[in-house]
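Enquirer: Give the three-dimensional model of this entry:
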Amino acid sequence: MRTEPGQTDRGTIHDVAALLAEGRQILAEAGVASPESDATALLACAWDTDARGVARARLMGDEVPDAVAGTYRSLLAQRATRIPLQHITGVAHFRTLTLPVGPGVFVPRPETELLVDPVLAHLARARPAGGAHVLDLCTGTGALGLAVAVEATGTSAVGVELEESALAWTRRSAAAHQDELARSGSRFTAVRGDATDPDAVEALVRQHLSGRVDAVVSNPPYVVDDGTTTAPEVVVHDPAAALWGGGDDGTRIPGLVIAAAARVLEPGGLLVLEHADTQGDALREACARSGFAGAVTRADYTGRDRFTVAALQSRPH
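Expert: Numbers count the residues shown, from 1 in each chain. Modelled structure (predicted):
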């Protein structure tokens, strides 16, 4: 039987604040970057509630039943081995979405949420009555394409993913948000394809988007494989195909994605591309070579260069 926050069973009871302090210490000693928020998320998962429920229970002095505390400590032990928090809870939160995640798919990060805003602003100008066509290249969980489709009324979005294991998660995400898509009058289609192959991308656009794309958004692999990325959550648990960008500076795959986007965007169409904070110069140049104009690199929540926005001036011949 489910035990709600504020209810107890006949076993030992525990204080919320004490359990959270215990969790913070365990996770901090394990090198977890966000021990406080992770401890809260794990207690919420064990208690079948959310962070607000945990905060409310702490404020009200509610006691945590022994069974819940035991589950929480088991989850803490898993997180202390640096299994990603989202793999333990089974979900990642992205803007208004709750995405199913697990082994085989890249876990979307909070900073990636920022890529959605320039796409929405562009669609509001270019397609104010709705009916926009959006392409999400290297879609992974489908986070970017789904977020745009849910938030922009009447959008047709296609998420392109090459890896079968990741594509299975894309389809789970789409299925989990059919109600939100229906309320927006939008649709999201997950398809298998190589986002670095302009011919393949063009064929998919003809098949699924009637040959027209108003915006391309992408969080491609861009990490430099030079040994500097060592966090176990990344190098052990995120799929390698979603990480390493290729080339000496990690920009080989992002450059190919730019070329594919240029092949399918309408003139004036928008590209929004995530990248590392050291890659802005190289990728703005790649945009210019592919026919994009006015490329601008924007910062993330921490002030680091995180994504580049550019409008297509003319399609390449």
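
Enquirer: For this protein, just list every one of the helices.
Expert: 16-29, 35-46, 51-60, 66-80, 85-89, 116-126, 143-151, 164-176, 178-184, 198-208, 232-235, 252-264, 280-289 (DSSP state H).

Enquirer: quick one: low-confidence parts of the protein?
Expert: By pLDDT under 70, the low-scoring segments of the chain are 1-13, 315-317.

Enquirer: on that earlier part again, among the helices of the chain, which is nearest residue 314?
Expert: Set against residue 314 and scored by C-beta to C-beta, those come closest in helix 252-264, at 8.9 Å. All C-beta atoms are positioned from the backbone trio N, CA, C, and that covers glycine.

Enquirer: For the closest one, which residues meet the burial criterion?
Expert: 252-264 (16 or more other C-beta atoms under 10 Å).

Enquirer: I'd like to know which elements that helix is packed against.
Expert: strand 133-137, helix 198-208, strand 213-218, strand 265-274, helix 280-289 (3 or more C-beta pairs under 8 Å, 6 or more residues apart in numbering; DSSP states H and E).

Enquirer: if we can go back for a sec, now the buried residues of helix 252-264 in CSV, please, with extra columns for distance to residue 314.
Expert: CSV is the format used below for the buried residues of helix 252-264 (distance: C-beta to C-beta, whole Å):
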residue, distance to residue 314
252, 24
253, 24
254, 21
255, 18
256, 19
257, 19
258, 14
259, 14
260, 16
261, 13
262, 9
263, 12
264, 13
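
Enquirer: Go through the residues you listed and name the one nearest residue 306.
Expert: residue 254 (12.6 Å).

Enquirer: Would you confirm that the closest one contacts residue 287?
Expert: No - if you go by C-beta atoms under 8 Å, residue 254 and residue 287 don't touch, sitting 10.1 Å apart.

Enquirer: How about the contacts made by the spatially most central residue of the chain?
Expert: By C-alpha atoms, centre = their mean, the chain has its centre lying nearest to residue 108, at 2.5 Å. Contact analysis of residue 108 by C-beta atoms under 8 Å, 6 or more residues apart in numbering lists 92, 94, 99, 140, 141, 143, 219.

Enquirer: one more time with 7 Å, if that's ok
Expert: 92, 94, 99, 141, 143 (C-beta atoms under 7 Å, 6 or more residues apart in numbering).

Enquirer: just to revisit the earlier point, just tell me which of the helices of the chain ends up closest to residue 272.
Expert: Closest among the helices of the chain, using C-beta to C-beta: helix 116-126, at 5.3 Å.

Enquirer: packing partners for the closest one?
Expert: Contact partners of helix 116-126 among helices and strands, from 3 or more C-beta pairs under 7 Å, 6 or more residues apart in numbering; DSSP states H and E: helix 143-151, strand 213-218, strand 265-274.

Enquirer: As CSV, the ones you listed with mean neighbour count would be great.
Expert: Converted to CSV, those look like this (neighbours: other C-beta atoms under 10 Å):
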stretch, mean neighbour count
helix 143-151, 27
strand 213-218, 27
strand 265-274, 22
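
Enquirer: returning to what we had before: can you tell me which of the contacts of residue 108 lies closest to residue 182?
Expert: Using C-beta to C-beta, the shortest approach to residue 182 within the contacts of residue 108 belongs to residue 99, at 17.7 Å.

Enquirer: in terms of contact, does the closest one touch residue 89 like I think?
Expert: No - using C-beta atoms under 7 Å, residue 99 is not in contact with residue 89; the gap is 11.2 Å.

Enquirer: and the two? which has more neighbours close in?
Expert: Neighbour comparison, residue 99 and residue 89: the larger count goes to residue 99, with 26 against 18 (by other C-beta atoms under 10 Å).

Enquirer: can you pull the contacts of the more buried one?
Expert: Counting by C-beta under 7 Å, 6+ apart, residue 99 has contacts 91, 92, 108, 141, 143, 173.

Enquirer: how does it look with 10 Å?
Expert: 86, 90-93, 105, 107-108, 140-143, 146-147, 169-170, 172-173, 176-177 (C-beta atoms under 10 Å, 6 or more residues apart in numbering).

Enquirer: follow-up on the earlier one: can you lay out the helices and strands packed on helix 116-126 as a markdown table showing distance to residue 58?
Expert: Below are the helices and strands packed on helix 116-126 laid out as a markdown table (distance: least, C-beta to C-beta, whole Å):
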| stretch | distance to residue 58 |
| --- | --- |
| helix 143-151 | 30 |
| strand 213-218 | 38 |
| strand 265-274 | 36 |
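
Enquirer: List just the one of those that sits closest to residue 234.
Expert: The closest of those to residue 234 is strand 265-274. By C-beta to C-beta, the value is 14.9 Å.

Enquirer: how about the CA coordinates for that closest one, as PDB?
Expert: What follows is strand 265-274 as a C-alpha-only set of coordinates in PDB (Å, rounded to 0.1, in the frame of the first residue of the first chain):
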ATOM      1  CA  LEU A 265      15.700  25.000 -44.200                       C
ATOM      2  CA  GLU A 266      13.600  27.600 -46.000                       C
ATOM      3  CA  PRO A 267      15.500  30.900 -46.700                       C
ATOM      4  CA  GLY A 268      15.100  32.900 -43.500                       C
ATOM      5  CA  GLY A 269      14.700  29.700 -41.600                       C
ATOM      6  CA  LEU A 270      16.400  29.400 -38.200                       C
ATOM      7  CA  LEU A 271      19.100  27.100 -36.900                       C
ATOM      8  CA  VAL A 272      19.700  26.700 -33.100                       C
ATOM      9  CA  LEU A 273      22.700  24.500 -32.300                       C
ATOM     10  CA  GLU A 274      24.100  23.600 -28.900                       C
END
